[in-house]
Structures are given as structure tokens and as C-alpha cells.
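Q: can you look at this prediction? I've put the sequence above it.
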Amino acid sequence: MDAILGTLHARAAGAGACRPDLAAIAECGTWKRALAHERAPYWAYWYARDVINGPWAPGEAAIAQNAEWAHWYARDVIKGPWAPGEAAIAQDAEWAYWYAYNVIKGPWAPGEAASAQNAGWAYKYARDVINGPWAPGEAAIAQDAYWAYRYARDVINGPWAPGEAAIAQDAYWAYRYARDVIKGPWKGYNE
């Protein structure tokens, strides 16, 4: 193990890093190979958060390539927006939502294209970030019975015609839509 990796390994072990990760780091042999490992973004995030308790420039390039760990690094270490990780985050619907919700604490335009393509994350973005209807995500939401039902119930707070075709294809969600959203018989359903 080279000197840099040896020092980092010893500090991580002293801070309570798990044995399987310590073994994997040791197997890398050099700092350069450790940074190329698929778990490097997590290791670098953990080292910054739990060992040095602050930003760690040598690991940031690895973290910035992974949407999940870039989000956690921004939230837990930087404690605010972190531009180097935003390109990766913006490409991932889930982590774009979490970044907007946990870090930006409001709408985040760079991640909206990814979120708008996924019914579940589009619904959550509308409900938790926009706090109301969100037209860019409605096409994806309208294709999924469950998310269309939830969008009508939780975001629109009433009937939502664009999602009714998908809802009508699923008896359970059609029943719940009639009961919870329309609050009575669904005129036009199965007619």
C-alpha cells in the first residue's frame, strides 16, 4: 500500500470504517487505484464526513461523478449547493429531486428534465418542491395509474382528467380515485 493510501486507510480504520470497505481499499494498493474503484465516491464522501468532518478536495473529483454521493456530500459536508456535483445530479431523476428538496430547498431547473421523465419523481417534485401542479412532469405522471391517482389526490386535490385513462386501466386505483378524489361514483368509468 502506498504511503498516501496507508495514511488514509489508518485514519478511516480509526474512525470506525467497516471492515469490508477497509479490505477493499487495502486491495487497491495505491491511492490512484483506490480513486478508480467503483466505491470511491462513497469512500471519499464518508472520509470527508466522518474522518475530517469537512470538505476534502482530494476526493471531490470521485464524488462529483456520482449523483447519489454528490447529493450527500452537498447536504452533509458542504451543507449547501455544490457546483462540481451538479452535472451528475442533474442527470438522475431521484437525486435531482433529493438535491432540490434537501440542498436547494426549492425548484432546481438543471434537474427538472430528468425528474419530469419519471412519474414517481415528477409527482414528488410537484408535491414537495413545487408545492403544486407541475406541468413538465404531468405527461409522465399521466401514464401511471398509481402516480396519477396520487397526483390528483395530493397535488391537484381533485379530479385530474389527464391521468384518468391510466387510472381507469387499474381496478384498484380506479376504486381509490372514485372514493378518495371524486368522492362518489365515477361517471364515465367503464361505460
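A: Yep, that arrived.

Q: hey, let's count contacts and neighbours off CA atoms from now on
A: Will do.

Q: so how far is Val77 from Ala142?
A: 37 Å (C-alpha to C-alpha, to the nearest Å).

Q: would you mark the buried spots in the helix ranked longest in the chain?
A: As assigned by DSSP state H, the longest helix anywhere in the chain is helix 3-14. Within helix 3-14, the residues that count as buried by 16 or more other C-alpha atoms under 10 Å are Leu5, Gly6, His9, Ala12.

Q: could you do stretch 144-157 as well?
A: Buried, per 16+ other C-alpha under 10 Å, within stretch 144-157: 144-156.

Q: so which of the residues you listed belong to helices?
A: Filtering the buried residues of stretch 144-157 for helices - DSSP H - leaves Ala145, Tyr146, Trp147, Ala148, Tyr149, Arg150.

Q: got the contact list for the residue minimising distance to the centre of the chain?
A: Closest to where the C-alpha atoms of the chain average out (C-alpha atoms, centre = their mean) is Trp95, at 2.3 Å. Counting by C-alpha atoms under 8 Å, 6 or more residues apart in numbering, Trp95 makes contact with Ala67, Glu68, His71, Ile89.

Q: try Pro41
A: Leu35, Gly59, Ala62, Ile63, Ala64, Gln65, Asn66, Trp69.

Q: wait, isn't the third one in contact with Ala40?
A: Yes. With contact defined as C-alpha atoms under 8 Å, Ala62 reaches Ala40; the gap is 6.3 Å.

Q: can you give the domain ranges for the chain?
A: Here the chain is described, according to automatic domain parsing, as comprising the domains 1-90, 108-191.

Q: closest to Asn102 out of these?
A: domain 1-90 (6.7 Å; C-alpha to C-alpha).

Q: could you look up the SS state of the closest residue to Ala93 other than its chain neighbours?
A: In space, not counting the residues next to it along the chain, Ala93 is nearest to Ser115; the distance is 4.2 Å by C-alpha to C-alpha, 6 or more residues apart in numbering. Of the three states, Ser115 takes helix under DSSP: H, G, I helix; E, B strand; the rest coil.
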